[in-house]
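Student: Please find the sequence and the predicted model below.
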Amino acid sequence: MSASHPSDYVYRPMTAADLCAAHALSVQLKWPHRLDDWAMLQRVSAGFVVLDGERLIGTAFACPQGDFATIGLVIVSDDYQGKGIGRQLMEQALDACQARTPMLNATLAGAPLYASQGFVEFGRIQQHQGQAHAPALTSLAEGEACRALTAADQQQLLTLANAASGLDRRAVLDDLAPVVEQSVGIQRDGQLRAFALMRPFGRGRCIGPVVAENLEQAEYLIGTLLNQVPDAFVRIDIPADCGLAEWLETAGLKQIDTVAQMARGTPPAAANGVRQFALVTQAIG
């Protein structure tokens, strides 16, 4: 099919009615996102599409999270590459960020393009996935206990998530709550100190976010969740410098990709003695 002239393309906000066509774009790229994964992002983000007639040919999202906004799923159909559509979608996403600092996770091949738009790399994210093994769990520190979380823990969970990511996670975590299959936390002195969530995503399940004070807590939480789903296909996206990579490999979750964390401005910083050991998704951070 021949493409129309660029002046004929229509750019507009995404609606729920666009989700099936948008999902089809990611299927063409062999990305694992389900229609439900697209719908989640559309609910919590400002989404944009571009159409050639009635054909949806590109997408982009900007997810506001406090003083920051994460940009993701910037896709242009293969038939329409090289026409400036991706750059125009990025401009719409950047406009939607308003005064917020924009962030994104870029393929290493795509990072130079974003660098030309003022983004600076501040870290790397490693994608690990595979048929999970049930790892042996080491002991927690004295005075710590791991337990399943309940709705009563939501405010403490949000406080930890915000501190670890430097983002306002309320809208994202409120939207995730109904689909989380397993949630576990580590308690000490009557307070929640760390947590991890697992939910359906892509080809199987995704673990994230994972927030903890240290590597030992993070491994215990992830191991606890993996023991709930032996031999299931699991994905987890981790900061490259968090220390989990080798341990995840032994649990059957092999590293298959690396992307660059980039921001146009000062990136967020962790606080209050916790850090994020796994993302929600690459599109959301």
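Tutor: Received it, and whenever you're ready, just let me know what you need.

Student: from here on, contacts and neighbour counts on C-alpha atoms
Tutor: Will do.

Student: okay, now the domains of this structure?
Tutor: What the record gives for the chain is the domain set 6-99, 127-278, from automatic domain parsing.

Student: And the one helix or strand Ala171 maps to, what's buried?
Tutor: When secondary structure is defined by DSSP states H and E, Ala171 falls within helix 170-176. Applying a neighbour-count criterion of 16 or more other CA atoms under 10 Å, the buried positions in helix 170-176 are 170-173.

Student: re earlier: what about the domains of the chain, which gets the closest to Leu108?
Tutor: Among the domains of the chain, domain 127-278 comes nearest to Leu108, with 5.7 Å by CA to CA.

Student: lowest confidence element among the helices and strands of the chain?
Tutor: Ranked by mean pLDDT, DSSP states H and E, the weakest helix or strand in the chain is helix 111-115, scoring a mean of 90.

Student: got the CA positions of it in PDB?
Tutor: Extracted in PDB, the C-alpha atoms of helix 111-115 (Å, rounded to 0.1, in the frame of the first residue of the first chain):
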ATOM      1  CA  ALA A 111      19.400   6.700  21.700                       C
ATOM      2  CA  PRO A 112      21.300   9.000  19.300                       C
ATOM      3  CA  LEU A 113      18.000  10.300  17.900                       C
ATOM      4  CA  TYR A 114      16.700  11.200  21.300                       C
ATOM      5  CA  ALA A 115      20.100  12.700  22.200                       C
END
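
Student: What's the first helix or strand after it?
Tutor: Next along the chain after helix 111-115, taking DSSP H and E as the criterion, comes strand 120-131.

Student: Downstream of that following strand, the next helix or strand is which one?
Tutor: Once the chain leaves strand 120-131, the next helix or strand it forms, by DSSP H and E, is strand 144-148.

Student: Just the helices from the protein, written as ranges.
Tutor: Using DSSP state H, the helices found in the chain span residues 19-28, 35-44, 85-97, 111-115, 154-165, 170-176, 215-228, 245-250.

Student: Buried by neighbour count: which residues of the last one qualify?
Tutor: Spelled out, that is helix 245-250. Neighbour counts over helix 245-250 (16+ other CA under 10 Å) mark 245, 248-249 as buried.

Student: Would you mind giving the residues you listed as TSV with distance to Met262 and pLDDT added?
Tutor: TSV is the format used below for the buried residues of helix 245-250 (distance: CA to CA, whole Å; pLDDT from 0 to 100):
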residue	distance to Met262	pLDDT
Ala245	21	97
Leu248	24	97
Glu249	26	96
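
Student: which of those lies closest to Arg87?
Tutor: Of all these, Ala245 has the smallest distance to Arg87: 33.6 Å, by CA to CA.

Student: distance of that closest one from Phe277?
Tutor: 10 Å (CA to CA, to the nearest Å).

Student: Find residues that contact each of these two.
Tutor: Ile238 (CA atoms under 8 Å, 6 or more residues apart in numbering).

Student: Let's see the distance spanning stretch 219-238 from one end to the other.
Tutor: With CA to CA applied, stretch 219-238 spans 12 Å between its terminal residues.

Student: State the mean pLDDT of it.
Tutor: Summarised as a single mean, pLDDT over stretch 219-238 is 96.

Student: picking up where we left off before, nearest to Pro267, of the helices of the chain?
Tutor: Across the helices of the chain, closest to Pro267 is helix 154-165 (CA to CA), at 10.1 Å.

Student: Using PDB, write down the CA coordinates of the closest one.
Tutor: The C-alpha trace of helix 154-165 is given here as PDB (Å, rounded to 0.1, in the frame of the first residue of the first chain):
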ATOM      1  CA  GLN A 154      -1.600   0.500  49.800                       C
ATOM      2  CA  GLN A 155      -0.600   3.800  51.300                       C
ATOM      3  CA  GLN A 156       2.700   2.500  52.700                       C
ATOM      4  CA  LEU A 157       3.300   0.800  49.400                       C
ATOM      5  CA  LEU A 158       2.700   4.000  47.600                       C
ATOM      6  CA  THR A 159       5.000   5.900  49.900                       C
ATOM      7  CA  LEU A 160       7.800   3.400  49.300                       C
ATOM      8  CA  ALA A 161       7.200   3.400  45.500                       C
ATOM      9  CA  ASN A 162       7.400   7.200  45.300                       C
ATOM     10  CA  ALA A 163      10.600   7.400  47.400                       C
ATOM     11  CA  ALA A 164      12.300   4.700  45.400                       C
ATOM     12  CA  SER A 165      11.400   6.000  41.900                       C
END
